[in-house]
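> What shape does this take:
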Amino acid sequence: MSSNALERDLTKSAIGFMSKDDYKRKREELEEEEALAAVRKAKPVEEKGSEKKKKKKDKKAPLGVLSFEDELEQEGEPSPSLQPKKMGKCQDVDTTGLKKNASEEQEAALEREQAMRGYLLDKRKKGEEPLPLGYSFRSAVTQRELPNAVAKGSVVVKHGDTAEHVARVIHRDTERLGDKFVPKTITGTSKREEADIMFVVNARCPEGTQAVTQGSFLIPPTMSMMELAATKWVEGTPLFDMANVVAVERRWYESMAHTYPYSLWSFYETRHTYSQKEFVSNRGSGTGIDPVAINQKRR
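Have a look, this model is predicted:
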């Protein structure tokens, strides 16, 4: 399901009040339903030429052509001793290219659906496992109140938590530094003035390149920690360094985007393929988008 379609379905189902936990649970349900629907919809590819063979088999003899079939049918049955013996299926023959019958197709479809259900169950269990993260937090307050302008600490979140949720957990953890770091309460209500916090992850590059400190990615808010950990460079190694993450107040980032190190941050696009080689050679820009993959998609 595309991100836009998923958001539309969530909007339809979120009529009235919905807590964050309910929203997260509904999103997971929609994603699982879409994955199972895709598995059920998948059909095995038919063997090439099977349709032609079927037509050829069903083709009747044209009128006016002599046929001896009636005469042959009137003849006596052949001797039982001459009847060909029924053969069982040879287990040594590779039948992967042959078309499956209806029962085999149904059995294969059931196995695929069971495998998908098992995968989704494992994914949900993994999403509930704790994940310790070290962090750095940047904002106008940290810039003004802290000697090094950055708040550092650690939190424990879940593998299934989204980037937006983790960013807010980090922001709340900085409140331990004092009243100046606690968001103000809106006058006349108990609602706090929550800031929009962005989640940033450093690029993971070979030691000695210093690219890890010269380029980072601003992560989409709906991307989970599991998805981040599973993302790889086109070369096959992990893309993100999950040892230490960054959270930054959006207003502060937008006002300082032209300065270091913010100028080396780029927005991560899930539709793009990233190359470690390109990232290192162009670490001044911090993008690292694989030009080969981009050209292939344009064709």
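> use CA for all of it now, contacts and neighbours both
OK.
> So Asp241: helix, strand or coil?
For Asp241, the secondary-structure state derived from DSSP: H, G, I helix; E, B strand; the rest coil is strand.
> For the nearest residue to it once chain neighbours are set aside, report the pLDDT, please.
Closest residue in space to Asp241, ignoring its immediate chain neighbours: Arg204 at 4.9 Å, by Cα to Cα, 6 or more residues apart in numbering. Model confidence at Arg204, given as pLDDT, is 85.
> Okay, helices next: where are they in the stretch 101-250 of the chain?
Along the stretch 101-250 of the chain, counting by DSSP state H, counting those that start in this stretch, helices occupy 102-127, 140-145, 163-173, 225-230, 250-256.
> contact partners of the fourth one?
Residues outside helix 225-230 that contact it (Cα atoms under 8 Å, 6 or more residues apart in numbering) are 127, 158-163, 238-240, 242.
> if we can go back for a sec, and the helices of the stretch 101-250 of the chain, which is most packed in?
Using mean count of other Cα atoms under 10 Å, the stretch among those with the largest mean neighbour count is helix 163-173, at a mean of 21.
> Contacts for that helix, please.
By Cα under 8 Å, 6+ apart, helix 163-173 touches 135, 137, 153-155, 157, 182, 197-199, 219-225, 247.
> Going by neighbour count, which of those residues are buried?
Buried positions within those, assessed by neighbour count (16 or more other Cα atoms under 10 Å), are 135, 137, 157, 182, 197-199, 219-220, 223-225, 247.
> out of those residues, which are inside strands?
For the buried ones among the contacts of helix 163-173, the ones inside strands are 135, 137, 157, 197-199, 247, with DSSP state E as the criterion.
> okay, the residues you listed in TSV with distance to Lys26 next?
Conversion of those to TSV gives the following (distance: Cα to Cα, whole Å):
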residue	distance to Lys26
Tyr135	29
Phe137	30
Val157	20
Ile197	23
Met198	23
Phe199	23
Ala247	26
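> hang on, the earlier thing: from the contacts of helix 225-230, which is closest to Ala109?
Nearest to Ala109 out of those is Gly127 (Cα to Cα; 26.8 Å).
> out of the helices of the stretch 101-250 of the chain, which comes closest to Glu278?
When those are ranked by distance to Glu278, counting by Cα to Cα, first place goes to helix 225-230 at 19.7 Å.
> Could you pull up the mean pLDDT of that closest one?
Computed over helix 225-230, the average pLDDT equals 94.
> repeat for stretch 167-180
On average, the pLDDT along stretch 167-180 is 94.
> Pull up the distance across that stretch, start to finish.
Taking Cα to Cα, to the nearest Å as the measure, stretch 167-180 stretches 19 Å from start to finish.
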